[in-house]
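*Asks:* Please find the sequence and the predicted model below.
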Amino acid sequence: MNESTSAPLAFDRFLYLADDPQTIEACLQPGTAELPDAHADIVLRDDISTDEITPVAIMSHYDDKLGGFAYTGLQAGGRTPIARHAVRQAGIQVVVAGNRYGKGSSREHSPAAEKHAGVCLVFARSFERIYRQNADNIGLLTSTNFALLAQLRAGHSITLEQILQERDVLTQAILRSGGLLDYGKRHLARSRPQAAAASDKPQTLFEKIIARHVLRTEQTGTDLTPGTGIFLRADWRFIHEYYTGMAAHMLYQSYAAPLHLFDTEKVIAFEDHTSYMHESPAHLRQGLVPNMLRMCQAHRDFVKATGLRWHRTLTENEALHDDGSNVAGISHAMMAEHYALPGQVVVGTDSHTPHSGALGCVAFGVGTTDMANAFMTGAVRITVPPGILVRLQGTLPAGVVAKDIVLHLLALPQIRAGKGVGRVFEFTGEVIDCLSVDERATLTNMCAELGGFTGIVAPDARTVQFLRERRGVDFELADWMHSDPGASYEQQITVDCSALDVLVAAPGDPGNGRAVGALEDTVAIDIAYGGSCTAGKREDFDQYHAVLAWGLQQGLQVAPHVQLYLQYGTTAVRDYCVQKGYDQVFERMGAKILQPSCGACANCGPGSSIDADQTTISAINRNFPGRSGPGKVWLGSPATVMASALAGHICSFSQLQKQTTTGRIQA
């Protein structure tokens, strides 16, 4: 921003992202819209996701072209009322929304699109952590102070100082610098600070880990009080192809070539979103494959120029002749399979980076600018988050798995109200003790949907066994790798898992959880999809196989009107399934088998819907509008997805077994 904090800021073009599409359209008309006061009469949209701000299909862009796509995926009243270029053409300067603005993906494309469209300031009742930090990093102002909005609407000016009052000291400094890259060049590039010693007070495992990684800089100390801005030294930094071109674009604008990355050996580049772009309905319909190919080339050019370790995509043809030399898969799943270790800090350009928290890591997602800065300085910015202790007590009933637990948590009123945003979820209790690392990863992975900063499980004997059997690593747990008695948490949530049922989440939001047995109407499905980082692990495929193998024994087949897709998360999972003979059962059931990568989850591969009338039951982690195509997406566990595929409608495995016994489903 690089301007006086007392300089007056005045705006006269406002866009209210409302439930009513007519309100939105009125804001986009020429001239200043005459609208009622936002506090009284306009019902603002809550839970606006980054998929709506910038649909995934346009993420091959990473410059000012993004401005033409701002809000083109936004849904209101069953419509998408904001056309391409509409925000820029209307001269919108201020955007206003409701709670939990910017949910979902870590894509910095969203605030970048807003800024390129001319937006200077975004008001929301509350923001998701990654979105807001991304906005800070590029100098897009955000505020939850609606009194300032009222001043602007009344024709008065406000100041940058007023906007910054609600932010921590480090964030204020970054915004005054005009963004993180300028700040990093000025304050971080000259120093190689050392981690501070851990505190003697009772600490959570999260606090212990960041205390061993926190950096002293010119502007920041080692205070770990929640709300304090600090920098960490990450053990691992990773990026995937949707972000690399944007990061390179930023760095070549800010630094002279050739680029010299900090500790290059600890940076990993992945291609994991574009394996099936030639079969992706969203990309084919819009003619985006050439753009995606250019994006991938930008990724590869950066990798070559900087000498990064690289896991490339695995095409279908390569899979047929795979000699095992290319280890491929979804980036954050690969980190847990090959790199992350207990006690480490893992940072990636994906909101589901907390996946590795299942190993006892502090693993969290960041945006492109954060990663670009970390590439050059080795420093990763965080605002120290408070913690939530989640006690999972009791015994899981038959058929209830980790996915059902997290869908239960997502449906809790306090989580739906945003009380988990930016928090550390530490999972403990009797049930955690019994869960495998794969199942723990489902919980930590979906902390992204909970709104959390990260999720973490203290490492134990199961962790050590996972590292030894899956990775051949003999790891010895250190005495400090646990939370201390008396450690402080902002909140505590206790779940009696014995009382849980098999759940699904209705379309629109992962928080729309309900018991399968409580569905009032039969929900017919057109697509069943098993895969993604959340549900593409070995034990997820154990669940897929168990249901389908049972179905074969009963003489059942996938319902004639249902398309079944199964996509491995990594090559190691694929090889495991082949070794176990699962692939033969999947083939006999007529499943379309997809090679390891992201896919329908991010609307970038087969399994996405192609029509608004289609209904999908999916094991993925989020079902925001437009996330996996134009149709309706229900979320469920791997077993629920397979049972529904056999039944032709949403049902649990136990319901399917009863229906088959009673003859309601015929072989």
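*Replies:* Perfect, I can see it now. Residues are numbered from 1 along each chain as shown.
*Asks:* Going by C-alpha atoms from here, please, whenever you check contacts or count neighbours.
*Replies:* OK.
*Asks:* show me the contacts for the residue lying closest to residue 512 once chain neighbours are set aside.
*Replies:* Spatial nearest neighbour of residue 512, excluding adjacent residues (Cα to Cα, 6 or more residues apart in numbering): residue 505 at 4.7 Å. When contacts are counted by Cα atoms under 8 Å, 6 or more residues apart in numbering, residue 505 touches 407, 511, 512, 513, 514, 634, 635, 636.
*Asks:* what number of residues lie near the second one?
*Replies:* Put plainly, it is residue 511. Neighbourhood size, residue 511 [other Cα atoms under 10 Å]: 25.
*Asks:* next SSE after the helix or strand bottoming out on mean pLDDT in the chain?
*Replies:* With mean pLDDT, DSSP states H and E as the measure, the helix or strand of the chain carrying the lowest mean pLDDT is helix 316-320 (a mean of 52). Later in the chain than helix 316-320, the nearest helix or strand by DSSP states H and E is helix 331-338.
*Asks:* State the distance from residue 178 to residue 139.
*Replies:* Per Cα to Cα, to the nearest Å, residue 178 is found 5 Å from residue 139.
*Asks:* So which of those two has more stuff around it?
*Replies:* Counted by other Cα under 10 Å, residue 178 and residue 139 do not tie: residue 139 has more neighbours, with 23 against 18.
*Asks:* Show the average pLDDT along the helix or strand containing residue 551.
*Replies:* Taking DSSP H and E as the criterion, residue 551 maps to helix 538-553. Mean per-residue pLDDT for helix 538-553: 97.
*Asks:* If you count neighbours, what's buried in it?
*Replies:* With burial defined by 16 or more other Cα atoms under 10 Å, the residues of helix 538-553 counted as buried are 538, 539, 540, 541, 543, 544, 545, 546, 547, 548, 549, 551.
*Asks:* Excluding sequence neighbours, find me the nearest residue to the second one.
*Replies:* This means residue 539. Using Cα to Cα, 6+ apart, the closest residue to residue 539 is residue 438 (6.3 Å).
*Asks:* show me what contacts that neighbour?
*Replies:* 358, 537, 538, 539.
*Asks:* any chance of the residues you listed in a markdown table, plus distance to residue 17?
*Replies:* Below are the contacts of residue 438 laid out as a markdown table (distance: Cα to Cα, whole Å):
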| residue | distance to residue 17 |
| --- | --- |
| 358 | 37 |
| 537 | 38 |
| 538 | 42 |
| 539 | 41 |
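*Asks:* Relative to residue 283, which of those residues is nearest.
*Replies:* residue 537 (26.5 Å; Cα to Cα).
*Asks:* how about that closest one, what does it touch?
*Replies:* So residue 537 contacts 438, 568, 569, 570, 573 (Cα under 8 Å, 6+ apart).
*Asks:* mind checking the SS state of the residue most central in space within the chain?
*Replies:* For the chain, the residue nearest the mean C-alpha position is residue 351 (2.9 Å; Cα atoms, centre = their mean). Using DSSP: H, G, I helix; E, B strand; the rest coil, the structure places residue 351 in coil.
*Asks:* Would you check that it makes contact with residue 447?
*Replies:* No - using Cα atoms under 8 Å as the test, residue 351 is too far from residue 447 to be in contact (9.0 Å).
*Asks:* which residues in the stretch 151-300 of the chain form helices?
*Replies:* For the stretch 151-300 of the chain, the helices defined by DSSP state H, counting those that start in this stretch occupy 160-164, 169-177, 180-187, 205-211, 241-254, 281-285, 289-306.
*Asks:* thinking again about what came up before, and the helix holding residue 551, what does it pack onto?
*Replies:* Applying 3 or more Cα pairs under 8 Å, 6 or more residues apart in numbering; DSSP states H and E, one finds that helix 538-553 contacts helix 437-445, helix 571-580, helix 582-588, helix 638-647.
*Asks:* relative to helix 437-445, how tilted is it?
*Replies:* 110 degrees (axes from the mean of the first three to the mean of the last three Cα atoms, to 10 degrees).
*Asks:* Quick one: the strands in the stretch 351-500 of the chain, in order.
*Replies:* Using DSSP state E, counting those that start in this stretch, the strands of the stretch 351-500 of the chain run over 362-365, 379-383, 387-393, 424-428, 454-456, 491-496.
*Asks:* Most tightly packed of these?
*Replies:* Counting by mean count of other Cα atoms under 10 Å, strand 454-456 has the highest mean neighbour count of the strands of the stretch 351-500 of the chain, with a mean of 31.
*Asks:* And the furthest pair within the contacts of residue 537?
*Replies:* Farthest pair in the contacts of residue 537, by Cα to Cα: 438 and 568, 13.8 Å.
*Asks:* quick one: low-confidence ranges for the stretch 51-200 of the chain?
*Replies:* 189-198 (pLDDT under 70).
*Asks:* which stretches of it form strands?
*Replies:* Going by DSSP E, counting those that start in this stretch, the stretch 51-200 of the chain shows strands at 94-97, 121-124, 141-143, 158-159.
*Asks:* Output those strands in CSV; the columns should cover mean neighbour count and distance to residue 501.
*Replies:* Listed next are the strands of the stretch 51-200 of the chain as CSV, based on neighbours: other Cα atoms under 10 Å; distance: least, Cα to Cα, whole Å:
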stretch, mean neighbour count, distance to residue 501
strand 94-97, 23, 34
strand 121-124, 22, 35
strand 141-143, 22, 40
strand 158-159, 17, 51
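*Asks:* Before I go, just wanted to say thanks for your time.
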